[in-house]
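>>> Take this sequence and fold it.
(one chain, ligands or ions: 1)
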Amino acid sequence: MTTQTRPLQSAHDASSPTIERTEPIEPRVVAEALSERLFDGALATLELATIHLGLRLGLYETIQRLGSVTFGRLAAELDSDERYVREWLEQQAVAELLVCPNPDATPEERRYELPDATAMVLLETATPAYLGPVSHLAVGALLAVPAVEEAFRTGGGVPFHAYGSDLRQGLGQLNGATFDRAIAGWIAAMPDIDRRLRTVRGGAILDVGCGVGRSTLALARAFPTTTVHGIDLDVASVEEARAAAAGAGLEDRVTFSVDDAADLASDANGRYDLVTILEALHDMGDPIGALTATRRQLRVGGAVLIADQLTRDRYAADGDPMERFQYGCSVLHCLPATRAEQHVVANGTVIRASTVATWAREAGFGPPRVLDIEDPFWRFYRL
Ligand SMILES: C[S@@+](CC[C@H](N)C(=O)[O-])C[C@H]1O[C@@H](n2cnc3c(N)ncnc32)[C@H](O)[C@@H]1O
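Okay, the predicted model is just below:
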């Protein structure tokens, strides 16, 4: 048995406290626990990928619609290969994502059902428990791992589009459900802006880093007399956003363009009452340039609303699950994607409140006000 004293201090954050661990740790015990953790991680990764398949192929939705299925019935309904569908159903029930009430029956006669809890998490976009599209995010991030490996060697970047439709659409679905549910409440936390957008004729919103446009559409629905313009660097995202606006019949009030936030032209009078940057500031290669440019877009009395990661105040290497998730996203996606831009800052997911305050000051804003909005993932700043 050895006694390890591990100073857990960030290499790049000298202000972090040094945490001393003096309890005895037997390396074998730690190794066994770590080994178990790796197994659990591999299991979770594989099961996430099968959830991704089930959502993409409409398997869960079809089971929900039919109530109870055999593999033959489900495969016929979806015009899919029986053997694949059988294996997937068996796997999903073993993973306790589906229920199999007659496991002792022959494979042909076994029935599978979708429990309410699985339906809530994977299909019901209006419930706070909804998280199914996180499976698409994970698959999208993993698809780009070879390119990230190369970027480690070369110092290059991996452009957003290299992560493909899974990541792009997964983000849109995951965040879109939140926007539909909550965006009006976020704006209501800025009563002057809310009032202005509801009462002033010709109210206008700019949605920066709009992705596939789910926030842009949610804003337009929440404020029926405003126009909303979304910009994003990613061409495929903007194309999908335009199609979504047309599909929703909102194209008269909702427009999109492919633009770099940092290159938005100055407008002496300002054009917008509100600029939103929703889960996008940490993805930008020039966040200070982007904030400076958006400040110049504001009408007098307008505001910028930033929603970004709910990070802790300082770095601590203590296994916090949320920071582990954020750093995982950062290593695999956000940092490589920002480095693929004409980057000024090598940005990343773990954006702390102090960083936002520094960037805001450098962009010419006063100190950001953190809004009193409860959210498990994001913090909200008003500039
Ligand atoms: C995490 S996604 C969020 C998308 C959307 N706001 C949402 O929440 O669904 C970040 C978005 O920022 C966009 N982005 C990154 N850098 C940008 C830049 N410099 N200018 C405009 N958009 C940018 C990316 O293309 C991506 O669509």
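
>>> mind checking the SS state of G302?
Counting by DSSP: H, G, I helix; E, B strand; the rest coil, the backbone at G302 sits in strand.

>>> separation between the spatially closest residue to N347 that is not a sequence neighbour and the ligand?
Nearest residue to N347, sequence neighbours excluded (Cβ to Cβ, 6 or more residues apart in numbering): T338, at 4.1 Å. C-beta here means a position set from N, CA and C on the backbone, and glycine is covered the same way. T338 sits 7 Å away from the ligand, taking Cβ to the nearest ligand atom, to the nearest Å as the criterion.

>>> elements contacting the helix or strand harbouring T338?
Per DSSP states H and E, T338 falls inside helix 335-340. The helices and strands touching helix 335-340, judged by 3 or more Cβ pairs under 8 Å, 6 or more residues apart in numbering; DSSP states H and E, are helix 145-154.

>>> CA atoms only for the helix holding T338 - export them in PDB, please.
The C-alpha trace of helix 335-340 is given here as PDB (Å, rounded to 0.1, in the frame of the first residue of the first chain):
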ATOM      1  CA  LEU A 335     -11.700  23.200 -29.500                       C
ATOM      2  CA  PRO A 336     -10.900  21.500 -32.900                       C
ATOM      3  CA  ALA A 337     -13.900  23.300 -34.500                       C
ATOM      4  CA  THR A 338     -12.800  26.800 -33.300                       C
ATOM      5  CA  ARG A 339      -9.300  26.100 -34.500                       C
ATOM      6  CA  ALA A 340     -10.600  25.400 -37.900                       C
END
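
>>> SS state for the closest residue to the ligand within the stretch 101-250 of the chain?
Distances between the stretch 101-250 of the chain and the ligand by Cβ to the nearest ligand atom are smallest at G211, namely 2.8 Å. Under three-state DSSP, the three-state class of G211 is coil.

>>> residues contacting A75?
D81, E82, Y84, V85, R86 (Cβ atoms under 8 Å, 6 or more residues apart in numbering).

>>> Am I right that L171 is in contact with L137?
Yes: using Cβ atoms under 8 Å, L171 makes contact with L137 at a distance of 6.4 Å.

>>> Leaving out sequence neighbours, find the closest residue to L89.
Residue nearest to L89 in three dimensions, not counting chain neighbours: Y112, with 4.8 Å by Cβ to Cβ, 6+ apart.

>>> burial measure for the one you found, as a count.
26 (other Cβ atoms under 10 Å).

>>> Looking at strand pairing, list the partners for it.
Y112 has these beta-bridge partners by DSSP bridges: V69.
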